[in-house]
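>>> A structural model of the following input is requested.
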Amino acid sequence: MIWPFGRAPFFTRALQRQDGKACARLHKNGFAHPWSAAEFEALFDPASVAGEAAIVTGGGMIGFVLSRRAAGEAEILTVVVQPNRRRDGVGLELMKAHLGRLGSLGAGSVFLEVDENNSAARALYSRLGFEQVGARTAYYRHGDGPKSAALILRCLL
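Residues are numbered from 1 along each chain as shown. Okay, here's the model as predicted:
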């Protein structure tokens, strides 16, 4: 595999319970209110939760996506890509692999929430076929600044 900008190649694989610490480490770099390793490990229930990890060939995790499934639908709980690997295809490949797996597990649609100010994520989700179906006003806190809306997006599989 050759990736843009001379970056190391990566592959995707299913998330596992032992990935909790790596997920927490990445989540801390991407969110103001990160989840702990114990919180991630508690979510890894193979009956209702699915996730993919992006792993650098010969190295560690550089991104992941985690969803919960129920009644033919799935909700993406979180998506994180290591800051220095954003905009080089990691998020796109993770999401394509994950949406494919969710479809094979019987999900007909997938929902997620994204900060209205996160233009890069919104562009990625649009490219994957997600459309806005709602919003939660003043949902995300940004320090002492104004809160922003969470856009609710859906993708039909």
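
>>> Next one: the closest residue to Ser36 other than its chain neighbours from Val56, what distance?
Take Ser36 and drop its neighbours on the chain: the residue closest to it by C-beta to C-beta, 6 or more residues apart in numbering is Ala24, 5.5 Å away. (Glycine included, C-beta is placed from N, CA and C.) Ala24 sits 18 Å away from Val56, going by C-beta to C-beta, to the nearest Å.

>>> got it, and Gly129?
Taken as C-beta to C-beta, the span from Gly129 to Val56 is 28 Å.

>>> ditto for Ala149
When Ala149 is compared with Val56 (using C-beta to C-beta), they lie 34 Å apart.

>>> any idea which element Asp144 lies in?
Assigned by DSSP states H and E, Asp144 belongs to neither a helix nor a strand.

>>> List the buried residues of stretch 72-90.
Within stretch 72-90, the residues scored as buried using 16 or more other C-beta atoms under 10 Å are 73-82, 85-86, 88-90.

>>> Restricted to strands, list those residues.
Among those, DSSP state E puts 73-81 in strands.

>>> quick one: low-confidence parts of this protein?
1-7 (pLDDT under 70).

>>> in it, which helix has the most residues?
Counting by DSSP state H, the longest helix found in the chain is helix 90-104.

>>> just the angle between that one and strand 73-81, please?
Helix 90-104 and strand 73-81 are oriented at 160 degrees to each other (axes from the mean of the first three to the mean of the last three C-alpha atoms, to 10 degrees).
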